[in-house]
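Q: sequence-free structure coming up:
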């Protein structure tokens, strides 16, 4: 008489509490440009604007005293100026329900090669005023190497009022 072995699979179930979810996993899709690698502000003390999928960055500097707005084009690390072949760039924004467009002209930094600029400036007082409106939704538009980029300008204007109290707009 021949004996046969019978195998019965044993299933072990882990009981997970209601509403539990697995622990979050770390997103490694952008490891070469992890958030921790970027500074919180640009090398000139301004706010950063992402252009493309971190291909480039721009830095927004609004100087009330000089009544100017300066945009610096930066590399993917947001730490080094990136001179581009452009005579001007544009800021588009909304005011009272209508769109407005302002041009910033190239003003080459001393380290920029001839014919290129990493710095763009506007001394248009209206641009400075319009940027302070809460509904402005300013967007930077720039062309780098025949590719168009758009980036949202996060502008938090800080003004000093009577008695030295600072108020964010």
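A: Received, thanks. The structure displayed is predicted, hence computed values, not measured ones. Numbering: from 1, shown residues only.
Q: contact partners for residue 123?
A: With contact set as Cβ atoms under 8 Å, 6 or more residues apart in numbering, residue 123 has these partners: 66, 67, 68. C-beta here means a position set from N, CA and C on the backbone, and glycine is covered the same way.
Q: 10 Å - rerun?
A: 63, 66, 67, 68, 69, 70, 104, 105 (Cβ atoms under 10 Å, 6 or more residues apart in numbering).
Q: hang on, the third one packs against residue 121?
A: No - under the contact definition of Cβ atoms under 10 Å, residue 67 does not touch residue 121, with a separation of 11.1 Å.
Q: show me which of those two is the more surrounded one.
A: residue 121 (18 against 14; other Cβ atoms under 10 Å).
Q: is it true that residue 92 touches residue 127?
A: No - Residue 92 lies out of contact with residue 127 (Cβ under 10 Å); the separation is 11.1 Å.
Q: can you select the buried ones from the contacts of residue 123 in PyMOL?
A: Buried residues within the contacts of residue 123, by 16 or more other Cβ atoms under 10 Å, are selected in PyMOL with:
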select buried, resi 68+69+70+104
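Q: now the contacts of residue 123 as CSV including distance to residue 145?
A: Formatted as CSV, the contacts of residue 123 follow (distance: Cβ to Cβ, whole Å):
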residue, distance to residue 145
63, 29
66, 31
67, 32
68, 27
69, 24
70, 22
104, 19
105, 20
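Q: quick check, nearest of the contacts of residue 123 to residue 48?
A: The nearest member of the contacts of residue 123 to residue 48, counting by Cβ to Cβ, is residue 70 at 13.6 Å.
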